[in-house]
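Asks: Prediction below, plus the sequence it came from.
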Amino acid sequence: MKVRFLGTAAFEGIPSLFCGCALCAKAKQIGGKELRTRTSVMIDDDLKVDFPPDTLLHMHRDGIDLDQVKDLLFTHSHSDHLYAEDLVARFPGYAQAQERPIHVYGNDITLAKIRQVFEANGGVKDCYKLHRLRTYEKVELQTGTAVPLLAAHDQNETCHLYYIEKNDKAIFYGHDSGKFPEETWEWLKDKKLDLVVLECTVGKVDYWKSHMNVDAVLEAKARMEQYGMLNADARIVVTHFSHNGGLSHTDLCGIFEPHGIEVAYDGLTVEL
C-alpha cells in the first residue's frame, strides 16, 4: 500500500495568506519541506481522504489522476477539508470523466454542503454517489473498509477520524481532533495498526481540546503502545501543522524523531 501526503498544513497553509510571522517568512525564504498546503492523503491511487482547496495543485505537482479515485472520505465540513465547488469539475461539460460514480462518504453537514453546490450546478449527474456515515458503523468501500470514529474537534458537527483496512493493512487516520474521546479509544484499543496518522496543529502551545499539541501526540502514542495496538513495523506520522505553532519542519523533526515519529511534508510517500 502507498500513502501519499498531498498536503500537511492546517487551514492557513504555510506560509499563510496575509501573514508576516517569523515562521511564514522562514518558509518563504527556505521553501522545500517548509512549504505546506492544506491537508489530504491519497491511499494507493483510488482512495482519497478530504478534498481541500489545494487539490488542483496536488494533482499538478504529484502527477495524480483524480479520475482513478473510487472512494472519497471526508473527516468534516471545514473549508480546508471540503472544497465542494471543485467536485463540480467532474461534471459533463467540464471534464471527459469515466462513466462511473465516485463514492463520497461524510457526515450530514458535509453531504448537505456538497448537495447544495451540486444542485446549483444542475444536480449530481451520476458523477458521484453520496453516503451518510454513522459513527462506529463499518462501511464497505469499493477499495477496502472504513469505520468513522468520533473526533474531538467541533461541537457544531460530528467530526470523524477513520480506521481504514485496505490490502491487508490497517490505518488509523487521526485528525482533526484534540485528545480522542474515550469511546473512540474503547473502540480502537484491540486493533492492530500498520500506520498511525496524527496531527500536531498547535505545536508546543498548551492546548489540546480541538487540535493536538506535542504532548497530546506523545500521549496518544504511549497509549497505543500500552494497548499493544502497534504492529512490530508500524509507522507513526504526524501532520496538519499551523504556522501559529511556530515550528519549522526541522524543529518538528528534532522533537518527534527521537520518539520514533515521522514528520510529514507535502509529497511524502509512505510504503506499507
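Replies: On my side now, so go ahead. Numbering: from 1, shown residues only.
Asks: State whether residue 267 and residue 61 are indeed in contact, as I suppose.
Replies: Yes. Using CB atoms under 8 Å, residue 267 is in contact with residue 61, at 7.1 Å. For the C-beta atoms, the positions are set from N, CA and C on the backbone; glycine is no exception.
Asks: ranges for the strands of the stretch 1-150 of the chain?
Replies: 2-7, 40-43, 47-49, 71-73, 102-106, 128-132, 139-140, 145-150 (DSSP state E, counting those that start in this stretch).
Asks: Identify, out of these, the most deeply packed stretch.
Replies: Highest mean neighbour count of these: strand 47-49, a mean of 25 (counted as mean count of other CB atoms under 10 Å).
Asks: Not counting its own residues, what contacts that one?
Replies: Identification of contacts with strand 47-49 by CB atoms under 8 Å, 6 or more residues apart in numbering yields 40-43, 66, 69-75, 141, 143-144, 162, 164, 166, 173.
Asks: repeat that with 10 Å
Replies: Residues outside strand 47-49 that contact it (CB atoms under 10 Å, 6 or more residues apart in numbering) are 1, 3-4, 6, 39-43, 55, 58, 64, 66, 68-75, 81, 102, 104-105, 141-144, 146, 162, 164, 166, 171, 173, 175, 197.
Asks: okay, the strands of the stretch 1-150 of the chain in CSV with distance to residue 261 and mean pLDDT next?
Replies: CSV is the format used below for the strands of the stretch 1-150 of the chain (distance: least, CB to CB, whole Å; pLDDT from 0 to 100):
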stretch, distance to residue 261, mean pLDDT
strand 2-7, 14, 98
strand 40-43, 17, 98
strand 47-49, 20, 98
strand 71-73, 23, 98
strand 102-106, 28, 98
strand 128-132, 33, 97
strand 139-140, 28, 98
strand 145-150, 20, 98
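Asks: nearest to residue 187, of those?
Replies: Ranking the strands of the stretch 1-150 of the chain by distance to residue 187, with CB to CB as the measure, places strand 145-150 first at 6.1 Å.
Asks: Show me what that closest one packs onto, helices and strands only.
Replies: strand 71-73, strand 102-106, strand 139-140, strand 160-166, strand 169-174, helix 182-188 (3 or more CB pairs under 10 Å, 6 or more residues apart in numbering; DSSP states H and E).
Asks: For the first one, what is the distance to the chain centroid?
Replies: Put plainly, it is strand 71-73. 11 Å (CA atoms, centre = their mean, to the nearest Å).
Asks: quick revisit: mind putting the strands of the stretch 1-150 of the chain in CSV, distance to residue 224 included?
Replies: Compiled in CSV, the strands of the stretch 1-150 of the chain are given as follows (distance: least, CB to CB, whole Å):
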stretch, distance to residue 224
strand 2-7, 18
strand 40-43, 19
strand 47-49, 20
strand 71-73, 21
strand 102-106, 25
strand 128-132, 29
strand 139-140, 23
strand 145-150, 14
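Asks: one step back: take the helices and strands packed on strand 145-150 and lay them out in CSV including distance to residue 243.
Replies: Below are those laid out as CSV (distance: least, CB to CB, whole Å):
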stretch, distance to residue 243
strand 71-73, 26
strand 102-106, 27
strand 139-140, 34
strand 160-166, 24
strand 169-174, 21
helix 182-188, 28
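Asks: For the longest strand seen in the chain, output the C-alpha coordinates as CSV.
Replies: Counting by DSSP state E, the longest strand found in the chain is strand 230-239. Extracted in CSV, the C-alpha atoms of strand 230-239 (Å, rounded to 0.1, in the frame of the first residue of the first chain):
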residue,chain,number,x,y,z
LEU,A,230,1.1,-1.0,17.1
ASN,A,231,2.4,-3.9,14.9
ALA,A,232,6.1,-4.5,15.0
ASP,A,233,6.8,-2.5,11.9
ALA,A,234,4.1,0.1,12.4
ARG,A,235,4.8,3.7,11.4
ILE,A,236,3.5,6.8,13.1
VAL,A,237,3.4,10.0,11.1
VAL,A,238,2.4,13.5,12.3
THR,A,239,0.8,16.1,10.0
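Asks: next one: that strand to chain centre, how far?
Replies: 16 Å.
Asks: Helix or strand next in line after that strand, which one?
Replies: helix 249-256 (DSSP states H and E).
Asks: buried ones in that next one?
Replies: Neighbour-count burial for helix 249-256 flags 249, 252-253, 255-256 (criterion: 16 or more other CB atoms under 10 Å).
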